[in-house]
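In: pasting the structure only:
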């Protein structure tokens, strides 16, 4: 039986390329995207460009949409701190809910798998992807689709903001050790400790953001 092949539309292809450029820092935060330049780059009409910009806007990556294009969100320390606090609250709730499910073993396996991936990561993309998937394990098994979707939506923005904070090997080493402690507490069934350590981990992220305010 032939498998169904999903063909991406022009707007979806352009959206994926632009999103990757933004995540990689090729297009910096705060940059302006003009319809004319994007039309020339991709050799398309204005319609798929507008559709791609709307998708980026839905991701929260667009700060303002204008008649001629759009402007990406700017790096703002107050905004990033508030966002981190918001995801902190969601994550602690996800830890608590997942601990009451029948899937704690699967969660633990996911935590160890992504902890190892973080340790072996050779670049920012691999490191932050493993970090995202580490916390996503709690959401995947929390039994609340709204928590899961909210985390997925806002984590993309958090990824961009945290790149400004987690800059050194020391930062990564500390974050990985925090992940390890969370994993061990969860595996031992000490879910309150895992929740507390998760909160401390996110507050460490706020600390790093504050630390880099002057740079």
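Out: Arrived safely, thanks for sending. Since this is a predicted model, take the numbers as computed values, not measurements.

In: quick one: low-confidence parts of this structure?
Out: 1-6, 162-167, 209-215 (pLDDT under 70).

In: one more pass at 50, please.
Out: Across the chain, nothing is flagged by pLDDT under 50.

In: residue ranges for the helices of it, please.
Out: 10-24, 35-42, 46-58, 77-99, 104-120, 124-140, 145-162, 169-187, 191-211 (DSSP state H).

In: got JSON lines for these, with distance to residue 69 and mean neighbour count too?
Out: (Glycine included, C-beta is placed from N, CA and C.) Formatted as JSON lines, the entries for the helices of the chain read as follows, by distance: least, CB to CB, whole Å; neighbours: other CB atoms under 10 Å:
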{"stretch": "helix 10-24", "distance to residue 69": "12", "mean neighbour count": "17"}
{"stretch": "helix 35-42", "distance to residue 69": "5", "mean neighbour count": "14"}
{"stretch": "helix 46-58", "distance to residue 69": "7", "mean neighbour count": "17"}
{"stretch": "helix 77-99", "distance to residue 69": "22", "mean neighbour count": "18"}
{"stretch": "helix 104-120", "distance to residue 69": "36", "mean neighbour count": "16"}
{"stretch": "helix 124-140", "distance to residue 69": "26", "mean neighbour count": "20"}
{"stretch": "helix 145-162", "distance to residue 69": "19", "mean neighbour count": "17"}
{"stretch": "helix 169-187", "distance to residue 69": "35", "mean neighbour count": "17"}
{"stretch": "helix 191-211", "distance to residue 69": "29", "mean neighbour count": "18"}
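
In: now those in CSV, with distance to residue 68?
Out: Supplementary listing: those in CSV, determined by distance: least, CB to CB, whole Å:
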stretch, distance to residue 68
helix 10-24, 16
helix 35-42, 6
helix 46-58, 10
helix 77-99, 25
helix 104-120, 41
helix 124-140, 31
helix 145-162, 23
helix 169-187, 39
helix 191-211, 32
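
In: out of those helices, nearest to residue 71?
Out: Of all the helices of the chain, it is helix 46-58 that lies closest to residue 71, at 10.3 Å by CB to CB.

In: contacting residues around that closest one?
Out: Helix 46-58 has contacts (CB atoms under 8 Å, 6 or more residues apart in numbering) with 9-12, 14-15, 18-19, 22, 33, 35, 38-39, 42, 62, 65, 69-70, 72.
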